[in-house]
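A.B. asks: Predicted model and sequence follow; I will ask about them next.
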Amino acid sequence: MQTVKIVVTGPFSAGKTQFIQSISEIDVVATERKISRAEERVKDQTTVAMDFGRISVADDLVLYLFGTPGQRRFDFMWEILAEGMLGFVVLLDSVKPETFREARSILDTFRAYAPVPYVVAANKQDLEDAWAPEDLRIALRIPSEIKVLPCVATDRENVQQVLLELLFSVLEIMDAEG
């Protein structure tokens, strides 16, 4: 049995918990707490440590999904969660350009933790104001060899497609290393 650790990261309220819940074959282990600060009332709860889910891709291949907290006050968890990851997804909210700079900063932070494959998932593509993936590539200065994928975190098949795109890159490297 081969296991692959994938980290799902991104800014606050980008949809990381939902992304993992949509695909996990087990009940997601979530460390959510009520939000008390009024300025962050976009949603009622926030991840404070991590989300954990699991998906069997094949009989001999399992993905362990670790979702990071999106708020900077919990960023001490990022390096812990990045330990041993073989790839990561940067999930961003395509309708909130004010979060794009934070998404870029998170991407750079995770690249510094480990030189592993990653994809950028442009969440909320089902909403009218969503930026197109190629426009997000330009705004976030994502190199052309990195996939910027459309995403709807509530759609299981869509989440699966994002994870498969990342998994292909991870397996390519694993095969090359023998």
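C.D. replies: Right, received. Where do you want to start? Computed from a predicted model, the values in this text were never measured in an experiment.
A.B. asks: what's the distance between residue 81 and residue 130?
C.D. replies: Relative to residue 130, residue 81 is positioned 27 Å away (criterion: Cβ to Cβ, to the nearest Å). All C-beta spots, glycine's among them, are computed from the backbone N, C-alpha and C.
A.B. asks: Between those two, tell me which one has more neighbours.
C.D. replies: Summary of the neighbour comparison: residue 81 and residue 130, criterion other Cβ atoms under 10 Å, with residue 81 having more neighbours (23 against 20).
A.B. asks: a strand runs through the more buried one, doesn't it?
C.D. replies: No. Assessed by DSSP: H, G, I helix; E, B strand; the rest coil, residue 81 does not belong to a strand; its assignment is helix.
A.B. asks: Tell me the first helix or strand C-terminal of whatever helix or strand residue 53 lives in.
C.D. replies: Mapping residue 53 onto the secondary structure by DSSP states H and E places it in strand 45-58. Scanning forward in sequence from strand 45-58, with DSSP H and E defining helices and strands, the next element found is strand 61-67.
A.B. asks: Report the strands that pair with that next one, each with its relative direction.
C.D. replies: strand 2-9 (parallel), strand 45-58 (antiparallel) (DSSP bridges).
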